[in-house]
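[1] A structural model of the following input is requested.
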Amino acid sequence: MPPAHITSHAANIVDVVICPEQMDAFKLSLSQEDRPPLDVVIQSSPVRPPRDFTSDDVASITTWLYACNDNIRSLSYCLEADLMDIFEDNSPAFSAHEVFFDSGKMLRTLQPFQTLTALALRTGYSVPLSFLVQLIASCPALEDLTIEKLLSSKPRESAGDLEIYSSFPVHIPTLSNLTLSNYGYGYATRLFETIAFPATAQVCLTFEGRGRPSFRASGTSLQPVLDCITHATIQYAIVSEASDGEGPTLRMTVASRDLQFSLHWQFQVGLAEPPSEWLGFENLGTDVFRLNGLRELDVELQQIAFHITHWQELLYPKQELRHLKVLFFGCQPTSTKYLYQAFCEYESRNDFELSVLEMTSSTI
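    Alright, predicted model coming up:
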């Protein structure tokens, strides 16, 4: 890897990439007085044998960040995916906490990053909400926020990760993009209870793990985003059938037509759970599917056997719905019968339009 860890954009924006094998060159740059706007990436090293930052390295980085905090435009912290096997059973040599403040200091000592507009935290394990919320509060100009857990096989967070020390929500008035990937449902719900942002922000959520989702949107800052959605697509598919003592794996996606909101769920259910339990929208323990302001909805089912109760749960709360389009991919013949039965019971307006398309496995 070349030692040139600092490169310039044509618009006088400087890329700063900080990784272990370049620390000597990085420390030489600390004495530079010229401080143009900076895009900073702090990442572990993918080299072999593996190397990571020492405590002295982390101290140097932290000192430099605060010295240049008024010039930093974007900041990305990333644990390289190549090192996941190394950190699978061992904690990494450093954490996001150490990068932002010296060991032993309290969260209230975190200094503000007044010019930071983009923040990305891609870590092997969970970033505690107490730290994340305090960091967000120190970035008043934040526009893009990405929080991603790279070890998605361990989606559950500890009770300590969900603790919040402030009872007041943190407002992010300039936020336009928020991405949360591979965190648990409780973490996501708690995050949206704790931060506030414009209803016009683009939100992308990804969940993966075991057990049926229990994510809640009502009463959180996500609900205004959902209330703005008038056109959406819901896709529902079985990724893998039950086998070897394991239950089936399901994938669900919800997306607004303009992609302001997108939600990707993939989860494995218990082998003993009947399909009526893990297919039902109400039984999912989530209110995202209600989307009460919808006027047009596309539903795509792949090898899924919906019963009449599933259609009732999906249709009845949507009083503003005017157009429903359903695509059946390789589904049982009874699926359309249950849809028509539920539709006949649905108290829709005269201008309601229903479109149905069936595709067999031979035409997919």
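
[2] what about the helices in the chain?
    Using DSSP state H, the helices of the chain run over 23-29, 55-67, 84-87, 96-100, 129-137, 185-194, 223-227, 275-279, 308-315, 334-345.

[3] Show me the least confident stretch of the ones you listed, going by mean pLDDT.
    Note on these: lowest mean pLDDT is at helix 84-87, with a mean of 54.

[4] pLDDT at the nearest residue to Q223 once chain neighbours are set aside, what is it?
    Once flanking residues are discounted, Q223 sits nearest to A217: 5.3 Å by Cβ to Cβ, 6 or more residues apart in numbering. To be clear about C-beta, it is placed using only N, CA and C from the backbone, and glycine gets the same treatment. Listed pLDDT for A217 reads 87.

[5] A217 is in contact with L226, isn't it?
    Yes: taking Cβ atoms under 8 Å as the definition, A217 is a contact partner of L226 at 5.9 Å.

[6] Which one's more surrounded, those two?
    A direct count of neighbours by other Cβ atoms under 10 Å for A217 and L226 places L226 higher, at 26 against 23.

[7] Tell me who's in contact with the closest residue to S74 other than its chain neighbours.
    Leaving aside its chain neighbours, S74 sits nearest to A118 (3.6 Å; criterion: Cβ to Cβ, 6+ apart). By Cβ atoms under 8 Å, 6 or more residues apart in numbering, A118 lies in contact with R73, S74, L75, S76, L142, E143, D144, L145.

[8] Next, count neighbours for the nearest residue to the first one once chain neighbours are set aside.
    Of all residues not flanking R73 in the chain, P37 sits nearest, at 4.7 Å (Cβ to Cβ, 6+ apart). Other residues within reach of P37, judged by other Cβ under 10 Å, total 16.

[9] so where is this protein shaky, pLDDT-wise?
    Scanning the chain for pLDDT under 70 picks out 1-11, 27-35, 46-51, 80-95, 101-109, 151-156, 210-213, 274-286, 347-350, 361-364.

[10] centroid residue for it?
    L180 (1.8 Å; Cα atoms, centre = their mean).

[11] Looks like that residue contacts L191 (just checking).
    Yes: L180 lies in contact with L191 (Cβ under 8 Å); the separation is 6.9 Å.

[12] quick one on the thing from earlier: how near is the residue nearest to Q223 to V170?
    Distance, A217 to V170, by Cβ to Cβ, to the nearest Å: 18 Å.

[13] Can I get stretch 251-270 in CSV? Just the C-alpha atoms.
    Taking Å, rounded to 0.1, in the frame of the first residue of the first chain, the C-alpha atoms of stretch 251-270 are listed here in CSV:
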residue,chain,number,x,y,z
ARG,A,251,-37.1,-12.0,3.9
MET,A,252,-39.3,-9.0,3.9
THR,A,253,-38.7,-5.6,2.4
VAL,A,254,-40.8,-2.4,2.6
ALA,A,255,-39.9,0.5,0.4
SER,A,256,-41.5,3.8,-0.6
ARG,A,257,-41.6,4.5,-4.3
ASP,A,258,-39.2,7.4,-4.0
LEU,A,259,-37.0,5.3,-1.7
GLN,A,260,-37.2,7.8,1.0
PHE,A,261,-37.8,4.8,3.3
SER,A,262,-36.6,1.3,2.9
LEU,A,263,-36.6,-1.6,5.3
HIS,A,264,-34.9,-5.0,4.8
TRP,A,265,-35.7,-7.9,7.1
GLN,A,266,-34.2,-11.4,7.0
PHE,A,267,-34.8,-13.6,10.0
GLN,A,268,-35.0,-17.3,10.9
VAL,A,269,-38.1,-18.4,12.8
GLY,A,270,-38.5,-21.3,15.2
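
[14] Identify the residues contacting that stretch?
    200-213, 225-226, 228-229, 231-239, 246-250, 277-278, 288-289, 291, 296.
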